[in-house]
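**Q** Sequence first, then the predicted structure:
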Amino acid sequence: MNRKSSKKNHWEDHYTRKARKDKYPARSVYKLEEIQKKFRVIKKGDRVLDLGCAPGSWLLYAAELTGDQGEVVGIDQKPVAIQTPEHVKVFTGDALDELDIVVGMLGKGYNAVISDMAPGTTGNKTVDAARSMGLCEAALNLAGAVLKPGGSFICKVFQSGEVKQFSDEVRKRFAQQKTFKPQSSRKASKEIFIIGLNLKN
């Protein structure tokens, strides 16, 4: 095994072991944890919508942050197999369905919309980035329909030439727009997170 492979496997082993120890189904939870520590997106008593919530790590972490006086609602095409707290509700469905249908299912009045959705990758960076951007645009439109004024938005996107345009659109809708790459992301990974804080009226 070469040194590059060893470093990659060490990275994977570290976060995989940590997730297992902390009883999360995936290491992606540490990305949300870093975002939360830096931007304080989710507060006690909040109502949070998690798009692309399987396998459930973000659901569990968001539920810890809201406490049982809050609510976390998740939607994913894949079923979530883990046991969740009573204040977590999960729908099996497509967040990309017609907006009226999705809003009718999930309701409104959220304090935060968080999305870790990612497309099935093809290996073609241009195609993958375009698909990722399509998911982000759908997530932003849904967030605009269900968030309370002052609400927040987190969305994973693959870096491409279209990210600036998307960031500008987030900036129009929110008082603050931030771009963040967690340390728990692979250095070679093209994923970044676009964050909108304080939805405008």
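**A** It's in.
**Q** Could you use CA atoms for every contact and neighbour count after this?
**A** OK.
**Q** Output the top helix by length along the chain as PDB, nothing but the C-alphas.
**A** Criterion DSSP state H: the longest helix present in the chain is helix 125-146. What follows is helix 125-146, C-alpha atoms only, in PDB (Å, rounded to 0.1, in the frame of the first residue of the first chain):
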ATOM      1  CA  LYS A 125     -17.200  15.900 -12.900                       C
ATOM      2  CA  THR A 126     -19.200  18.200 -15.100                       C
ATOM      3  CA  VAL A 127     -22.300  16.000 -15.000                       C
ATOM      4  CA  ASP A 128     -22.000  15.400 -11.300                       C
ATOM      5  CA  ALA A 129     -21.600  19.100 -10.500                       C
ATOM      6  CA  ALA A 130     -24.600  19.900 -12.700                       C
ATOM      7  CA  ARG A 131     -26.700  17.300 -10.900                       C
ATOM      8  CA  SER A 132     -25.500  18.600  -7.500                       C
ATOM      9  CA  MET A 133     -26.500  22.100  -8.500                       C
ATOM     10  CA  GLY A 134     -30.000  20.900  -9.500                       C
ATOM     11  CA  LEU A 135     -30.500  19.400  -6.000                       C
ATOM     12  CA  CYS A 136     -29.300  22.600  -4.400                       C
ATOM     13  CA  GLU A 137     -31.700  24.800  -6.400                       C
ATOM     14  CA  ALA A 138     -34.600  22.500  -5.500                       C
ATOM     15  CA  ALA A 139     -33.500  22.600  -1.800                       C
ATOM     16  CA  LEU A 140     -33.300  26.400  -1.900                       C
ATOM     17  CA  ASN A 141     -36.800  26.700  -3.500                       C
ATOM     18  CA  LEU A 142     -38.200  24.400  -0.900                       C
ATOM     19  CA  ALA A 143     -36.500  26.300   1.900                       C
ATOM     20  CA  GLY A 144     -38.000  29.500   0.700                       C
ATOM     21  CA  ALA A 145     -41.500  27.900   0.800                       C
ATOM     22  CA  VAL A 146     -41.300  26.400   4.300                       C
END
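**Q** Output the below-cut-off pLDDT ranges for this protein.
**A** Scanning the chain for pLDDT under 70 picks out 1-13.
**Q** Who are the packing partners of the longest helix of the chain?
**A** Under the contact criterion of 3 or more Cα pairs under 8 Å, 6 or more residues apart in numbering; DSSP states H and E, helix 125-146 touches helix 99-106, strand 110-115, strand 147-158, helix 163-173.
**Q** Just name the most buried of the ones you listed.
**A** strand 110-115 (a mean of 26; mean count of other Cα atoms under 10 Å).
**Q** Between the helices and strands packed on helix 125-146, which one is closest to Arg40.
**A** With Cα to Cα as the criterion, Arg40 lies closest to strand 147-158 of those, at 9.7 Å.
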